[in-house]
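In: coordinates only, no sequence provided:
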């Protein structure tokens, strides 16, 4: 009959090596956290420069494009971004209705999620009209993909049309794009 051995006792050298590795990992973790915090702060400053400070200064100068003496080309353009309201069903319904009423129904997509119990897998291929008849629970959600909505809004705004941006969950901001000119 064999005897069970207890856990091996590491040598002093092994313990010191392990301690160094753990200390190194912790030091790196602290440095990474510090760099991530610094990156977030720098991104905020960069965002303000490119969406507020530079576009405002260029607007005051009466231009949307500029080339610096150092070879940087800057162009300000309008960016539309956002998505239909997610957490407020009434506002979402209002946005969908506005799109339908303003000839944009073709960008609206319906998604139907069906909960299927074991043994009812084949029922999931049925169409919506049959779901209630089959006794399946379903959830239907109407949506517009955010990029599709932004593209729709950009086109309408370019044509001088008014859009209820808040209703549609959109914002329009000016953004400076900076490129290095090739030498």
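Out: Yep, that arrived. Fair warning: this is a prediction, and the values are worked out from it, not measured in the lab. Residues are numbered from 1 along each chain as shown.
In: surely residue 155 is in a helix?
Out: Yes. Assessed by DSSP: H, G, I helix; E, B strand; the rest coil, residue 155 belongs to a helix.
In: from residue 161, how far off is it?
Out: 9 Å (CB to CB, to the nearest Å). No exception for glycine: its C-beta is placed from N, CA and C like everyone else's.
In: how about residue 63?
Out: Taking CB to CB, one finds residue 63 at 26 Å from residue 161.
In: ok, residue 72 next?
Out: Shown here: residue 72 relative to residue 161, a distance of 34 Å by CB to CB.
In: count of neighbours near the closest residue to residue 181 other than its chain neighbours?
Out: Leaving aside its chain neighbours, residue 181 sits nearest to residue 71 (4.6 Å; criterion: CB to CB, 6 or more residues apart in numbering). Residue 71 sits with 11 neighbouring residues when counted by other CB atoms under 10 Å.
In: torsion angles phi and psi at residue 71?
Out: Main-chain dihedrals, residue 71, degrees, to the nearest 10: phi 90, psi 20.
In: isn't it right up against residue 180?
Out: Yes. Using CB atoms under 8 Å, residue 71 is in contact with residue 180, at 6.4 Å.
In: so where is this protein shaky, pLDDT-wise?
Out: For the chain, the stretches with pLDDT under 70 are 1-6, 114-128, 183.
In: quick one: the strands in it?
Out: Assigned by DSSP state E, the chain shows strands spanning 65-67, 72-82, 109-115, 137-143, 170-180.
In: any idea which of those gets closest to residue 18?
Out: strand 170-180 (47.5 Å; CB to CB).
In: buried residues, that closest one. List them.
Out: For strand 170-180, a neighbour-count test (16 or more other CB atoms under 10 Å) marks 170, 174-176 as buried.
In: give me the phi and psi angles of the residue nearest to residue 99 when sequence neighbours are not counted.
Out: Sequence neighbours aside, residue 108 is the residue nearest to residue 99 in space, at 6.0 Å (criterion: CB to CB, 6+ apart). Backbone dihedrals for residue 108, given as degrees, to the nearest 10, come out at phi -80, psi 130.
In: and residue 108, how many neighbours does it have?
Out: As a measure of burial, residue 108 has 17 neighbours, counting by other CB under 10 Å.
In: equivalent analysis for residue 92, please.
Out: 19.
In: now it: how far from residue 143?
Out: 9 Å.
In: can you check residue 129 too?
Out: 21 Å.
In: and for residue 42?
Out: Going from residue 42 to residue 143 by CB to CB gives 34 Å.
In: these two: which is more packed in?
Out: Neighbour count, other CB under 10 Å: between residue 42 and residue 143, residue 143 has more, with 17 against 10.
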